[in-house]
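1. build me a model:
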Amino acid sequence: MYKHILLAYDETDGSKKALDHVQKLIKDSINTHLTVLHVSDEKVANESRDNYTPTHAIADTSPGFDNNYMGNLSVSPDNKIHSSGVERQEIKTPASTHSFLQNAKEKLSTYGVEADYIHLSGSEAKRICEYAKEIQADLVVVGNSGKSGMKKWVLGSVSEKVTQNCESSVLVVK
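-> So this is what the prediction gives:
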């Protein structure tokens, strides 16, 4: 049915349901390849973190805020505005060491499902769509966050952004 499925996984209830659904899809398919992707806002694992985020940088650092509306407001230590072309890339540690991916691997291995496990950093929706295009996934599976009202308006919905921006088919599991 599908040649390559990309599952976006972040340990939320929605993504756990998506993991269960993917397991059923894979079980019925003979030659389907599965990639489990976790996207985080970490720049580099074990890198020291700045514990102070200035108010003017919140739009760029908060998950869900869209730079198309807010602009790139990040300020570097020398108080110069970052170019929006600078994108955080792949995490330097092996994906197998991330606890979310380890948990997904354990759950899928109990059903005999093999997959690739990838950990990327950056904006969740953007990185999911970019990676789906890169690996030529013909289906992207995401969980529904369950956000509504003001929270959805302020933070945005990753699943909604993925459905709007991915070139691949997208399945949102509720």
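
2. my guess is V36 contacts L7, does it?
-> Yes. Using Cβ atoms under 8 Å, V36 makes contact with L7 at a distance of 4.9 Å. Backbone N, C-alpha and C define where each C-beta goes, glycine included.

3. can you tell me what sits against the longest helix belonging to the chain?
-> With secondary structure taken from DSSP state H, the chain has its longest helix at helix 13-27. Residues from elsewhere that reach helix 13-27 (Cβ atoms under 8 Å, 6 or more residues apart in numbering): 1-2, 5, 7-9, 32, 34, 36, 104, 107-108, 111, 113, 141-146, 159, 171, 173-174.

4. one more time with 7 Å, if that's ok
-> Contacting residues not belonging to helix 13-27 are listed as 5, 7-9, 32, 34, 104, 107-108, 111, 113, 141-146, 173 [Cβ atoms under 7 Å, 6 or more residues apart in numbering].

5. can I get the buried part of those as one PyMOL selection?
-> In PyMOL syntax, the buried subset of the contacts of helix 13-27 is picked out as below (16 or more other Cβ atoms under 10 Å):
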select buried, resi 5+7+8+9+32+34+104+107+108+113+141+142+143+144+145+173
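
6. inside strands: which ones of the contacts of helix 13-27?
-> Counting by DSSP state E, the part of the contacts of helix 13-27 found in strands is 5, 7-8, 34, 141-143, 173.

7. let's have those in a markdown table, adding distance to T163.
-> Shown next, in a markdown table, are the ones in strands among the contacts of helix 13-27 (distance: Cβ to Cβ, whole Å):
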| residue | distance to T163 |
| --- | --- |
| I5 | 16 |
| L7 | 15 |
| A8 | 12 |
| L34 | 20 |
| V141 | 11 |
| V142 | 8 |
| G143 | 12 |
| V173 | 12 |
